[in-house]
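K.L.:
Model the following, please.
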Amino acid sequence: MSSSAFSLARLGWRPFHSQQLTLQDLDTAHPARVSSVHRSGLIVISEQGSTTVTIPPRLLESRELPITVGDWVLIEHAAPRVQRVLAPYSVIKRQAAGTDHRVQTIAANLDTLFVVTSCNDDFNLSRLERYLALAYEAQVEPVIVITKADLCADPDAYIDQTNTLGTNEITIAVNTMDTTVATTLAPWLQPGQTVAFVGSSGVGKSTLVNTLIGQSHQATSGIREDDSKGRHTTTSREMFPLEGGAWIIDTPGMRELKIGAIGSGLRTVFDNVESLAGQCHFRDCRHESEAGCAVLAAIAAGNLDPRRLASYRKLQREAALAEMSTRERRARDKQFGRITASALKIKEKRKR
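P.N.:
Numbering: from 1, shown residues only. I've put the predicted structure just below:
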């Protein structure tokens with residue numbers, strides 16, 4: 001064990017986690033928080049310090065979601081090994097990129113998700129809606145952080161654009177190199193609080209983390225001048241402590257963000273579209289050319305941006321496909337379980 005020990009309260013322990021423990025659990029193990037995930041195991045931090053622990057294969061096989069940074073686990077007293085993974089009170093997750101339908105976890109037990117974009121060509125309202133939907137689905141407070149404000153003639157114009165989304169999250173424009181950024185973000189960086197930074201490559205997430213931590217934990221790089229796209233700097237998720245008592249999780253830049261089955265998150269982000277849809281003449285209105293469509297009427301009157309409807313439809317389709325994939329995967333798992341159980345019974349009969 002190293003000397004990097006923290007109290008459970010400082011690590012973000014909540015009554016929610018205590019309620020999952022029994023006296024027997026504490027007799028054989030102690031709580032620890034996952035600060036990073038590697039192929040060889042986990043690096044965890046606890047009241048005993050920081051150490052690397054292994055994960056029994058049975059735990060990995062039985063879990064629907066992968067263990068991720070921010071998770072709470074029980075570590076055996078007798079060996080540096082995970083005994084159990086505690087349920088998180090929040091988890092940010094997405095669908096794997098490409099044709100893979102696996103669910104990828106980004107961070108667990110978060111209080112705030114900082115959605116980072118910048119005052120250049122990276123700024124994209126439809127992409128912001130994706131991140132916001134993930135946050136609201138996990139019941140995590142989102143805050144939009146617009147970086148490179150010092151390189152922009154009118155950063156307020158970007159803030160005004162985010163205000164057109166109609167959601168209630170706060171938007172802040174910052175200079176990531178300015179040390180006063182810690183004061184700006186202080187309301188969300190209280191002792192025991194955990195925050196994560198997500199966004200595209202090169203928007204300044206790692207620079208922002210370095211400024212808050214006060215040292216260069218994360219490598220940084222600039223953006224390509226030809227298209228304002230960033231280069232990957234953070235290559236893995238890791239949790240860092242701040243002197244004030246909060247925890248920061250930096251994440252790799254995401255070139256593709258596929259949402260999962262996030263019905264409630266979409267309803268929150270597109271509340272104005274959902275409200276208008278409820279006023280349509282036909283219950284199954286598709287908002288294309290139907291008579292009495294309140295959504296199309298709002299667009300015609302200039303009260304709803306057509307981009308919002310297009311984004312809503314696109315994300316609805318993705319969420320429906322993800323839900324279908326989840327049902328199919330569960331059905332396959334159940335079928336495999338039945339086949340395995342039947343094979344074991346036959347094997348037992350033959351032994352007799």
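
K.L.:
what's the following helix or strand after whichever strand or helix holds residue 158?
P.N.:
Here residue 158, judged by DSSP states H and E, is contained in helix 155-163. As assigned by DSSP H and E, the chain's next helix or strand after helix 155-163 is strand 170-173.

K.L.:
Mind listing residues that contact stretch 288-308?
P.N.:
Residues from elsewhere that reach stretch 288-308 (C-beta atoms under 8 Å, 6 or more residues apart in numbering): 125-126, 164-165, 270, 272-273, 276-282, 285, 287, 309. C-beta coordinates here come from the backbone N, C-alpha and C atoms, glycine included.

K.L.:
Let me fix that, I meant to ask about stretch 205-218.
P.N.:
116, 145, 147, 174, 176-179, 181-182, 185, 189, 197-199, 219-220, 233-234, 238, 240, 242-243, 248, 250-251, 253.

K.L.:
low-scoring stretches of the protein, by residue?
P.N.:
In the prediction, the chain carries residues with pLDDT under 70 at positions 1-4, 96-101, 215-236, 253-258, 261, 325-352.

K.L.:
right, and the helix or strand after the longest strand along it?
P.N.:
Counting by DSSP state E, the longest strand found in the chain is strand 29-38. Counting by DSSP H and E, the element after strand 29-38 in chain order, helix or strand, is strand 41-46.

K.L.:
Which strands and helices lie in contact with that following strand?
P.N.:
helix 8-11, strand 29-38, strand 49-53, strand 72-76 (3 or more C-beta pairs under 8 Å, 6 or more residues apart in numbering; DSSP states H and E).

K.L.:
what's the straight distance from one end of stretch 183-192 to the other?
P.N.:
Taking C-alpha to C-alpha, to the nearest Å as the measure, stretch 183-192 stretches 17 Å from start to finish.

K.L.:
Contact partners for residue 114?
P.N.:
Residue 114 sits next to 142, 143, 144, 145, 185, 188, 195, 196, 197, 198 when contact means C-beta under 8 Å, 6+ apart.

K.L.:
so it sits in a strand?
P.N.:
Yes: secondary structure of residue 114 (DSSP: H, G, I helix; E, B strand; the rest coil): part of a strand.

K.L.:
from what I can see residue 12 touches residue 33, true?
P.N.:
Yes: applying C-beta atoms under 8 Å as the test, residue 12 and residue 33 come out as touching, 6.8 Å apart.

K.L.:
what's the overlap in contacts for the two?
P.N.:
Common contact partners of residue 12 and residue 33 (C-beta under 8 Å, 6+ apart): residue 109.

K.L.:
who has more neighbours, the two?
P.N.:
Neighbours per residue (other C-beta atoms under 10 Å) separate residue 12 from residue 33, with residue 33 holding more: 27 against 23.

K.L.:
Which residues does that one form beta bridges with?
P.N.:
With DSSP bridges applied, residue 33 shows beta-bridge pairing to residue 45, residue 72.

K.L.:
mind checking how far it is from residue 18?
P.N.:
Distance, residue 33 to residue 18, using C-beta to C-beta, to the nearest Å: 14 Å.

K.L.:
Give me the distance from the host helix or strand of residue 212 to the chain's centre.
P.N.:
Element membership of residue 212 [criterion: DSSP H and E] is helix 205-213. Centroid separation between helix 205-213 and its chain, computed with C-alpha atoms, centre = their mean, to the nearest Å, is 18 Å.

K.L.:
could you point out which element follows it?
P.N.:
Using DSSP H and E, the first helix or strand after helix 205-213 is strand 238-241.

K.L.:
Remind me what that following strand packs against, helices and strands.
P.N.:
Judged by 3+ C-beta pairs under 8 Å, 6+ apart, the packing partners of strand 238-241 are strand 29-38, strand 247-250.

K.L.:
one more time with 10 Å
P.N.:
Applying 3 or more C-beta pairs under 10 Å, 6 or more residues apart in numbering; DSSP states H and E, one finds that strand 238-241 contacts helix 8-11, strand 29-38, strand 41-46, helix 205-213, strand 247-250.

K.L.:
With respect to residue 317, which of those lies nearest?
P.N.:
Evaluated over those, closeness to residue 317 peaks at helix 205-213, with 28.8 Å, by C-beta to C-beta.

K.L.:
in stretch 69-89, what counts as buried?
P.N.:
The neighbour-count check on stretch 69-89 (16 or more other C-beta atoms under 10 Å) flags 69-75, 81-86, 88-89 as buried.

K.L.:
tell me the angle of the longest strand of the chain relative to strand 72-76?
P.N.:
Strand 29-38 runs at 120 degrees relative to strand 72-76, counting by axes from the mean of the first three to the mean of the last three C-alpha atoms, to 10 degrees.

K.L.:
tell me which residues in strand 29-38 are buried?
P.N.:
Residues 29, 30, 31, 32, 33, 34, 35, 36, 37 are the ones in strand 29-38 that count as buried (16+ other C-beta under 10 Å).

K.L.:
same thing with stretch 237-250?
P.N.:
Using 16+ other C-beta under 10 Å as the test for burial, stretch 237-250 gives 237, 238, 239, 240, 241, 242, 245, 246, 247, 248, 249, 250.

K.L.:
among these, which two are most distant?
P.N.:
Across the buried residues of stretch 237-250 (C-beta to C-beta), the longest gap, 20.5 Å, separates 237 and 245.

K.L.:
Report the contact partners of the closest residue to residue 144 other than its chain neighbours.
P.N.:
Excluding the flanking residues, the one nearest residue 144 by C-beta to C-beta, 6 or more residues apart in numbering is residue 171, at 4.2 Å. For residue 171, the contact set (C-beta atoms under 10 Å, 6 or more residues apart in numbering) comprises 115, 117, 128, 142-146, 158-163, 165.
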